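Asks: Here is a sequence together with a model predicted from it:
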Amino acid sequence: MKDHKLKKDLSPELQKIISHEKWLMEILRTVRDLQLPDWYLAAGVIRNTVWDVLHGYKKRTQLNDIDVVYFDPHKKFQENEIKKKLKKIYPQYSWDVVNQVFVHKTYVYKRPVKSSCEAIAHFVEVPTCVGVRLEKDNSLTVCAPHGLRNLFFFLVVPAPYSNLKRYRERMKKKQWKKIWPKLHISSIS
């Protein structure tokens, strides 16, 4: 692979994939209409969609849940209320809605994060550290604190802030290689 491909900004490719997924664009519009501060659809819903498309799958892999992250230091928006609204509109999905202001308490980060994108950087593996938001002008904003190369080149490695024990447990449990055979999963001993 040539150097220029490794350095290429892959955000436009991600935006193209997402914008061609009608079901995902509908969800993005719905979440945008909630007017959450600093929000993203993140993690598996983005990662799995990209891997499905790049593997040439016509049918999307079933999702465990759809992660909606947002950053609300004033606690104007309650996670359970948002989850109820989304479940009412899309009962076929499980929803994980988390105000990222408080995640440092759950996952024992060294310090509180200052944005949703900074929190996404703390997800377990690099290709999962991705979020997408639909803006008012219908453009897509991408949060990829560790870049998109690993996602697009099927490289699964722990994120820099990751708990390695948790990473190993997730890799054992998820069995992603059976779903997406092109993956290269780093085994950390």
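Replies: Perfect, I can see it now. Numbering: from 1, shown residues only.

Asks: can you tell me the helix or strand for Val132?
Replies: Taking DSSP states H and E as the criterion, Val132 maps to strand 131-134.

Asks: same for that strand, what does it pack against?
Replies: Here strand 131-134 touches helix 11-19, helix 22-33, strand 40-42, helix 116-120, strand 140-143, going by 3 or more Cβ pairs under 8 Å, 6 or more residues apart in numbering; DSSP states H and E. Backbone N, C-alpha and C define where each C-beta goes, glycine included.

Asks: at 6 Å what do you get?
Replies: strand 40-42, strand 140-143 (3 or more Cβ pairs under 6 Å, 6 or more residues apart in numbering; DSSP states H and E).

Asks: What does the pLDDT read for Val103?
Replies: Per-residue pLDDT puts Val103 at 77.

Asks: And what about it, helix, strand or coil?
Replies: Taking DSSP: H, G, I helix; E, B strand; the rest coil as the rule, one finds Val103 in the helix state.

Asks: Next, the contact list for the closest residue to it other than its chain neighbours, please.
Replies: With Cβ to Cβ, 6 or more residues apart in numbering as the criterion, Val103 has its nearest non-adjacent residue at 5.4 Å, and that residue is Ala119. The contact partners of Ala119, taken as Cβ atoms under 6 Å, 6 or more residues apart in numbering, are 100, 103, 113.

Asks: 8 Å - rerun?
Replies: Applying Cβ atoms under 8 Å, 6 or more residues apart in numbering, one finds that Ala119 lies in contact with 69, 71, 100, 103, 113.
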